[in-house]
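Enquirer: Give me coordinates for this.
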Amino acid sequence: MRRSIGRYTPQGRAEGQPFLAPDVFPGVAGKILRAVAVAVGVTLVLAPVHVTAVLGFLFASERYDSSGQGGPFRSCTADSVSCAGPHVPVMAGCVLVVLGGLLLAAWAGRRAARR
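Expert: This next block holds a predicted model:
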């Protein structure tokens, strides 16, 4: 048997190379399953970032009494001396973080489906 590097046998492996397990998810359905699995995995890894961004959005979208009386998250009332909020740039940043994470998960899923 002739040995050469880079030539593949009918079994799909190079001569002289160890046997590699076949693809766990073959075919079109396998590509879809692999894409979904990778996208869900990336989303789960980024879940703490998403939760933090959603909470940041909720805190930034409220109006707070900035006089310093009653704690840092006291709501504005009729007797409030000064109010602050909502913080639109922080809200936009939180939205961009969540959208970026979702786009990253979609990109990773598409890349996994091409494999």
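Enquirer: Nearest the geometric middle of this structure, what residue?
Expert: residue 101 (3.4 Å; CA atoms, centre = their mean).
Enquirer: so which helix or strand takes in that one?
Expert: Element membership of residue 101, judged by DSSP states H and E, is helix 88-114.
Enquirer: ditto for residue 55
Expert: helix 47-60.
Enquirer: helices or strands next to that helix in the packing?
Expert: In this structure, helix 47-60 makes packing contacts with helix 88-114, judged by 3 or more CB pairs under 8 Å, 6 or more residues apart in numbering; DSSP states H and E. Quick note: C-beta positions are derived from backbone N, CA and C, even for glycine.
Enquirer: Give me the angle between the helix it packs on and helix 47-60.
Expert: Taking axes from the mean of the first three to the mean of the last three CA atoms, to 10 degrees, one finds helix 88-114 and helix 47-60 inclined to each other by 160 degrees.
Enquirer: related to what we said a few turns ago, same question for the helix holding residue 101: list its buried residues.
Expert: Buried residues in helix 88-114, counting neighbours by 16 or more other CB atoms under 10 Å, are found at 91, 94, 97, 98, 101, 105, 108, 109, 112, 113.
Enquirer: per-residue pLDDT, the last one?
Expert: Spelled out, it's residue 113. At residue 113, the pLDDT value in this model is 86.
Enquirer: Next: the first one.
Expert: At residue 91, the pLDDT value in this model is 92.
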